[in-house]
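Undergrad: model this:
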Amino acid sequence: MKFKQIVKLATISIAASALLAACGNDTESGSASSSTESKDGVTVVKVAYDQAGKPMTYLDENGNPTGYDVEVMKLVDEALPDYEFEYVGTTNDDLLIGVEQGKYHAGVKNAFWTEERTQKYIFPKEFLGLSSAGLVLKKENEHIKNLSDFASAGYTLAPIAANNAQYTVIAEYNEANPDNPVKLQAGEEFTVDVVQWVNEGRVDGGVQIEGSFTGQVLTEGGPYYNLKDEVVYNEFAVIKTWPLFNKKQQEFADAYDKAITEIKKTDALKELSKEFYGKDLFEVLDSVNR
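TA: Numbering: from 1, shown residues only. Now for the predicted structure:
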């Protein structure tokens, strides 16, 4: 076993005990802390991930955290000898609140950049990956290729929570196209079951990430595999995705930037894109403007 690994394991054990004690205090007070545990030069940080975000972030069949975002962060961890990442599975909402309040030092969830989020989180200089965003439609509407087509048809869109970055993406389209806006409705829930809403005819379409659509509809065993001939996914944008850092974790964010910059010089992210998304989204990076 390499010296660094021995040091890390020893540090994890010590830090875990300290964290457990700290957790007890947090529970009693109801507050969270963005402080980090450090021993022998190794800083232990909590990286939250959305357990239900397959293929971006999820638990595999053995109960281990994985997905595109998680695997990239594992590469970042390997490149940072002074840090040890502790992955914490949670929900979308808890991740956003937890990172903002300091319960977690950072979080990954296929997050898009928004101006509102910059008030709550540190966005590093370097993005984490790319994500295909598209419209889920009934098969009979597969001629709708983009947001302009959708708006021109007067179709209804599944509601999106205002704190969901997908809402911002549509709002930005509407601001740029005031004469042909998409009917955008803020929802109470972070996301709705888009495939079900479209299939039931409750709306004409909904925004979804391609990876999620593939897992739900196109993958044998997926919950809506029976609808693979009934609904379609039409991509309207490829968007950069980012890790979110607590506002007090600028040093951690800077370390991430140094590591991911070096990782991007290799083919590692392209290979992970093909593994989890079925294609190399970096091939269209030059045309990505968000």
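Undergrad: just the helices in the stretch 151-290 of the chain please.
TA: 165-176, 194-199, 210-213, 250-263, 268-277 (DSSP state H, counting those that start in this stretch).
Undergrad: Mind checking those for the one nearest to residue 68?
TA: The closest of those to residue 68 is helix 268-277. By CB to CB, the value is 4.1 Å. C-beta here means a position set from N, CA and C on the backbone, and glycine is covered the same way.
Undergrad: distance between the closest one and the chain's centre?
TA: 15 Å (CA atoms, centre = their mean, to the nearest Å).
Undergrad: Now the longest strand seen in the chain: average pLDDT?
TA: Using DSSP state E, we find that the single longest strand of the chain is strand 231-245. Averaging pLDDT along strand 231-245 gives 97.
Undergrad: Can you show me the CA trace of it as PDB?
TA: What follows is strand 231-245, C-alpha atoms only, in PDB (Å, rounded to 0.1, in the frame of the first residue of the first chain):
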ATOM      1  CA  VAL A 231     -42.700   9.100 -26.700                       C
ATOM      2  CA  VAL A 232     -39.500  10.700 -28.100                       C
ATOM      3  CA  TYR A 233     -36.700  12.900 -26.900                       C
ATOM      4  CA  ASN A 234     -35.500  15.800 -29.100                       C
ATOM      5  CA  GLU A 235     -32.400  17.600 -27.900                       C
ATOM      6  CA  PHE A 236     -32.500  21.400 -28.000                       C
ATOM      7  CA  ALA A 237     -29.200  22.200 -26.200                       C
ATOM      8  CA  VAL A 238     -26.000  20.800 -24.700                       C
ATOM      9  CA  ILE A 239     -25.200  22.600 -21.500                       C
ATOM     10  CA  LYS A 240     -22.200  22.700 -19.200                       C
ATOM     11  CA  THR A 241     -22.600  21.200 -15.700                       C
ATOM     12  CA  TRP A 242     -20.800  22.300 -12.600                       C
ATOM     13  CA  PRO A 243     -20.100  21.200  -9.000                       C
ATOM     14  CA  LEU A 244     -21.500  23.500  -6.400                       C
ATOM     15  CA  PHE A 245     -19.300  24.600  -3.500                       C
END
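Undergrad: Which strands and helices lie in contact with that strand?
TA: Helices and strands touching strand 231-245, by 3 or more CB pairs under 8 Å, 6 or more residues apart in numbering; DSSP states H and E, are helix 68-79, helix 92-101, strand 106-111, strand 129-138, helix 194-199, helix 210-213, helix 250-263.
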